[in-house]
Each structure stands twice: as C-alpha cells, then as structure tokens.
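Chemist: structure, please.
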Amino acid sequence: MTPSRDLAEYYQARASEYDAIYAKPERQTDLRRLEQDLPQALANRSVVEVACGTGYWTQFIARSAPSIVALDLTPATLAIARHRCRDTQMRLVQGDAFALPFAARSFDAAFAGFWISHVERSRVAAFLSGLNACLRDGARVVLLDNRYVEGNSTPIVERDHEGNTFQDRRLADGSVTRVLKNFPTEAELCSLVQSYARATAYRAYDYYWTFAYELR
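Modeler: The predicted model follows:
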C-alpha cells in the first residue's frame, strides 16, 4: 500500500480504468438523470470545469454550453478527454485547481465533478475562493460528487484529526493507494458559501449529489 502517493500520481495510474466506475449497473438510473440535469443547469453559459478527468461529464456539458474550458492536472486523463471531446467546442488546459490560470471574471459558470471530496476540509474554502475569483457576478457553480452508500461505496478506513476520511483504492495491477475522500453534508456545503451565494440548491440522487450556488 502507498498511503503517501500523490493524488495526481494515483489518477495518472488510474486513467485507463477510471471510467469503469460509470459501468456499475445499479448507478445507471442516476447517471442518465445527471446526463440530462447537468447540461440544463449550465446551458447558455461560458463554463470552466475544474478537475475534468477523462472528460466524461465535459461531453454532456458541451451539448448546451457555448464555450467550455476544462482543466486537469494529469496528462493521462487529459489525453482521454481530448479524444472523447474532440468534436466539441471544449478547450483543455493542464493546471492546478488550487492555482487556476485564468483572469478574473472570465466565466459565468463553473463545474467540478468528484473533486471537492478530494480536497482537505481545511482547504475547501480556499479552493472555492480561487474558483469564484475567475467568475462574473451572478455566475452559477455546480458541484457533483458521491454520496456514501453503505455496502456499495468503498469503505472508509481512516479518519484524521480534521475529520477528513480516507479510502483504500485498488487498481487493476493490484496496487493499493489510500485516497482522501470526504462526504460533505448539505448543511456543510451551504455553510461554506453562505457569505457570497445568493441562492443554493442541493439535490440528492441515490448514489450522487449535486450542489449549485449563484454568486451575488
């Protein structure tokens, strides 16, 4: 096991098998709903996507967004995203989610799928502050992530002094990495954005949740 492996290194190694998570039979109903709901939530907006991974969600958002810039740190996942979304108006950028390389007020929407759960609780506010800085007034932010479902989700094996939780992830080559994976509540999410959001909306699916807010 390699508990200290960097998250980017883990996703570089996992890139070729990452999308297998979307083949789970019990999650198909949720996925079909999300594939419809996300494009509607971001329609007709210029979107920045943070931690786009393999571009699975990018391809659906691109159906309704006139422009989308998708950022990820990992070359292997970006290569898959580039191939998957080659016929869309998407622009790919390699970069750090904690140091977004965009000018202030560049976009009027943002999306982050399965990213906020990998951010330490002590750093979430700073990440959102950096994201909001590149958005215009009235911009809409949509977060998508996992609910913890007992018996289906990968078990939590560790909890640190800040309340961060961790899972052991096994790759096809047999290697195991301990990965930070938090499961914030609706109340926690609302509390994070209350000082600058004029509207919030939390939606629970069977295996996922979405949380949207609009900047004042």
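Chemist: contacts, neighbours, all on C-alpha from now
Modeler: Fine.
Chemist: any idea which helix or strand comes after the longest helix belonging to the chain?
Modeler: Counting residues, the longest helix found in the chain (DSSP state H) is helix 28-41. From helix 28-41 onward toward the C-terminus, using DSSP states H and E, the following helix or strand is strand 46-50.
Chemist: counting by contacts, list what that following strand packs against.
Modeler: Under the contact definition 3 or more C-alpha pairs under 8 Å, 6 or more residues apart in numbering; DSSP states H and E, strand 46-50 sits against strand 67-72, strand 107-113.
Chemist: for the ones you listed, give me CSV that also has mean pLDDT and mean neighbour count.
Modeler: CSV is the format used below for the helices and strands packed on strand 46-50 (pLDDT from 0 to 100; neighbours: other C-alpha atoms under 10 Å):
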stretch, mean pLDDT, mean neighbour count
strand 67-72, 97, 23
strand 107-113, 98, 24
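Chemist: rebuild the ones you listed as TSV, extending it with distance to Tyr205.
Modeler: Shown next, in TSV, are the helices and strands packed on strand 46-50 (distance: least, C-alpha to C-alpha, whole Å):
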stretch	distance to Tyr205
strand 67-72	25
strand 107-113	14
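Chemist: figure out which of those is closest to His83.
Modeler: His83 lies closest to strand 67-72 among those, at 13.3 Å (C-alpha to C-alpha).
Chemist: which other helices and strands contact the closest one?
Modeler: Short answer (3+ C-alpha pairs under 8 Å, 6+ apart): strand 67-72 packs on strand 46-50, strand 90-94.
Chemist: could I get the longest strand along the chain in CSV with only the CA atoms?
Modeler: Across the chain, the longest stretch assigned as strand under DSSP state E is strand 135-146. Backbone C-alpha positions of strand 135-146 (Å, rounded to 0.1, in the frame of the first residue of the first chain) are rendered in CSV as follows:
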residue,chain,number,x,y,z
LEU,A,135,-16.3,34.1,-12.2
ARG,A,136,-18.5,37.0,-13.0
ASP,A,137,-21.2,38.3,-10.8
GLY,A,138,-24.3,36.1,-11.0
ALA,A,139,-22.2,33.1,-12.1
ARG,A,140,-23.5,29.6,-11.3
VAL,A,141,-21.4,27.0,-9.8
VAL,A,142,-22.4,23.3,-9.9
LEU,A,143,-20.6,20.6,-7.8
LEU,A,144,-21.2,16.9,-8.3
ASP,A,145,-19.9,14.2,-6.0
ASN,A,146,-20.6,10.8,-4.4
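Chemist: which strands and helices sit next to the following helix or strand past it?
Modeler: Remark: after strand 135-146, the chain's next helix or strand is strand 156-159, criterion DSSP H and E. Where contact means 3+ C-alpha pairs under 8 Å, 6+ apart, strand 156-159 is packed against strand 165-170.
Chemist: state the mean pLDDT of the helix or strand that the strand it packs on is followed by.
Modeler: Once strand 165-170 ends, the next helix or strand along the chain (criterion: DSSP H and E) is strand 176-180. For strand 176-180, mean pLDDT rounds to 95.
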